[in-house]
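Student: fold the following.
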Amino acid sequence: MKRFLLSAAVVLLGDQVTKHMARVSLEPGVVVPVIGDLLRFRYVHNAGAAFGFFQGSRFLFIGISLVSIAVIIYLILSKRYAFRGSRVAFGMVFGGAVGNLIDRIWLSEVIDFIDVGVGSQRWPTFNIADAGVTIGVVYLVFSVLMLGRSSESSDPAEGGAGDAQPEGR
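Tutor: Here you go, the predicted model:
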């Protein structure tokens, strides 16, 4: 549980601190090169989902965030998907979901400011919460698909059964 709480706190705190810094130091629409054209800061408000997809429907996204948070809490407490790194990954998703939920409730939209790409080929502008959710979900999906699901933790520090292997392997 400590790893879950720590990773959630790191993503949430990093997200909220960097969004505050973007709010007070960046002008809307102005591009600030950080690493040339590869990494830039660009302050935007996003009324959609992660990375600017599906604009609008604030209350729908608040509902989706609340359901996601509840599902993560259920999965952590039930230990259904407890394998090496799962608590950190769930924490990253949780912290990111809470970070963007705070923005949706407080500002009615999410602050995005990280702009990555080359020339006109840009990834949608995002924030630390989006990155936490994406990295956490990708790790969880990869782990479940590649390793199978284990009902026991493979992390002794988290009170698991040691190096438990998924069934059938």
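Student: quick one, strands of the chain?
Tutor: Remark: strands assigned in the chain by DSSP state E are 31-35, 39-46, 110-118, 121-122.
Student: and L66, which of those strands is closest to it?
Tutor: Ranking the strands of the chain by their distance to L66 (criterion: Cβ to Cβ) puts strand 110-118 first, at 15.1 Å. C-betas here are computed from N, CA, C, even on glycine.
Student: what are the buried residues along that closest one?
Tutor: Neighbour-count burial for strand 110-118, counted by 16 or more other Cβ atoms under 10 Å, picks out V110, I111, D112, F113, I114, D115, V116.
Student: tell me where the model's unsure across this protein.
Tutor: The chain contains residues with pLDDT under 70 at 48-56, 148-169.
Student: if you set the cut-off to 50 instead, what comes out?
Tutor: Applying pLDDT under 50 to the chain picks out residues 150-169.
Student: from the centroid of it, which residue is nearest?
Tutor: Closest residue to the average C-alpha location of the chain: V133 at 2.0 Å, with Cα atoms, centre = their mean.
Student: if you skip the residues just before and after it, what's nearest to that one?
Tutor: Excluding its sequence neighbours, the residue lying closest to V133 (Cβ to Cβ, 6 or more residues apart in numbering) is G96, at 3.7 Å.
Student: so what's I111 up against?
Tutor: K19, A22, R23, Y43, V44, H45, N46, D103, N127 (Cβ atoms under 8 Å, 6 or more residues apart in numbering).
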